[in-house]
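*Asks:* just the structure for this:
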Amino acid sequence: MSGTTLPRNPQPRTTLPRITPPRTRIARRLAALAAGAGLLGTALVGAVPAQARTAAQDTNPISAAQALAAPGVPGANDWSCQPSSAHPRPVVLVHGTFANGSVNWLTIAPALAAQGYCVYALTYGAEPGVPLLRAIAPVADSAQQLSTFVDGVLAATGAGQVDIVGHSQGGMMPRYYLKFDGGAAKVHTLVGLAPSNHGTTLDGLTTLAQSFPGAQQIVASACPACADQEVGSAMLAQLNAGGDTMPGVDYTVIATKYDEVVTPYTSQFLTGPNVHNVLVQDLCPANVPDHVLMAADPVVRHEVMHALDPEHVADATCLANLTG
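*Replies:* Prediction:
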């Protein structure tokens, strides 16, 4: 996998009529996600900042990582898991802004575990005085938490590298870890689902905040990660200076035309060697996930599997994934 940006060119497939999910159904799913974020966030209030402090002070890499692990993620955070020869690299899941690891990966984590991967999900980015909401701390701080977590996963599994799958900010923030925190030597593949690689607008962040109780009140005042993700921020200028990628790492970006948060959706794509930019609608025109639903979409889930193991898993299709 080499060269500059390499968009997918799927073979012609059976064309299905475009299926636009009823807005009421989308609203129900978003409400459920938001409610889950609130309920699980309540359990984490006070706990996550304490975990972050413990991780920073703990000299044992495994226990430091365990302090950051998201609770209750099906198929994830089994610290006795040993990678197989078929899947030698553990997969680290990195959630998006305002969310947490417990709600972001309810479908992808068990799907990966069912395929034999060792799967790990963290919750990161708490800010003092802000309950419930995560991934709101400065991106540089969150990248250090990711570094702690990856080191613990490597120590626990004995693996030499991990693969990372991230959603939204969770697809962009690992690039900071790769570039500034020594992560490039420890990561083989980075898969970003609707990542904020080149930023978005305040309107986009406000749209995302509508899905999470209490988030709208902090977008402009108590969310350093929001400021970091605005187009033209100093953090993004630093991150993208000199090119989008790091040598030796494979990158896949999976985007949707119907993203209303990171806009335009083409800004999510990367340029550089070992890059694959994938548009969901090129794989399946009938599939119309928005930004939040990317982490729960069956076509996206299959394409994640393909990005992690392209030699054995074919590209996603409508017939095999949307209707299967």
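
*Asks:* mind listing what residue 252 touches?
*Replies:* By CB atoms under 8 Å, 6 or more residues apart in numbering, the residues touching residue 252 are 189-192, 275-278, 303, 307. For every residue, glycine as well, the C-beta is placed using N, CA and C.

*Asks:* as JSON lines, those residues with distance to residue 138 and secondary structure would be great.
*Replies:* Below are these laid out as JSON lines (distance: CB to CB, whole Å; DSSP: H, G, I helix; E, B strand; the rest coil):
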{"residue": "189", "distance to residue 138": "26", "secondary structure": "strand"}
{"residue": "190", "distance to residue 138": "20", "secondary structure": "strand"}
{"residue": "191", "distance to residue 138": "24", "secondary structure": "strand"}
{"residue": "192", "distance to residue 138": "19", "secondary structure": "strand"}
{"residue": "275", "distance to residue 138": "26", "secondary structure": "strand"}
{"residue": "276", "distance to residue 138": "29", "secondary structure": "strand"}
{"residue": "277", "distance to residue 138": "27", "secondary structure": "strand"}
{"residue": "278", "distance to residue 138": "29", "secondary structure": "strand"}
{"residue": "303", "distance to residue 138": "30", "secondary structure": "helix"}
{"residue": "307", "distance to residue 138": "28", "secondary structure": "helix"}
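
*Asks:* between the residues you listed, which sits nearest residue 121?
*Replies:* Using CB to CB, residue 191 is the member of these that sits closest to residue 121, with 14.0 Å.

*Asks:* who does that closest one form a beta bridge with?
*Replies:* residue 165, residue 252 (DSSP bridges).

*Asks:* so it touches residue 254, yeah?
*Replies:* Yes. Using CB atoms under 8 Å, residue 191 is in contact with residue 254, at 7.0 Å.

*Asks:* what touches both of the two?
*Replies:* Here residue 191 and residue 254 have 304, 307 as joint contacts, going by CB under 8 Å, 6+ apart.

*Asks:* just give me the neighbour total for the nearest residue to residue 101 once chain neighbours are set aside.
*Replies:* Distances taken as CB to CB, 6 or more residues apart in numbering place residue 70 nearest to residue 101, at 2.7 Å, with adjacent residues excluded. Neighbours of residue 70 under the rule other CB atoms under 10 Å: 25.
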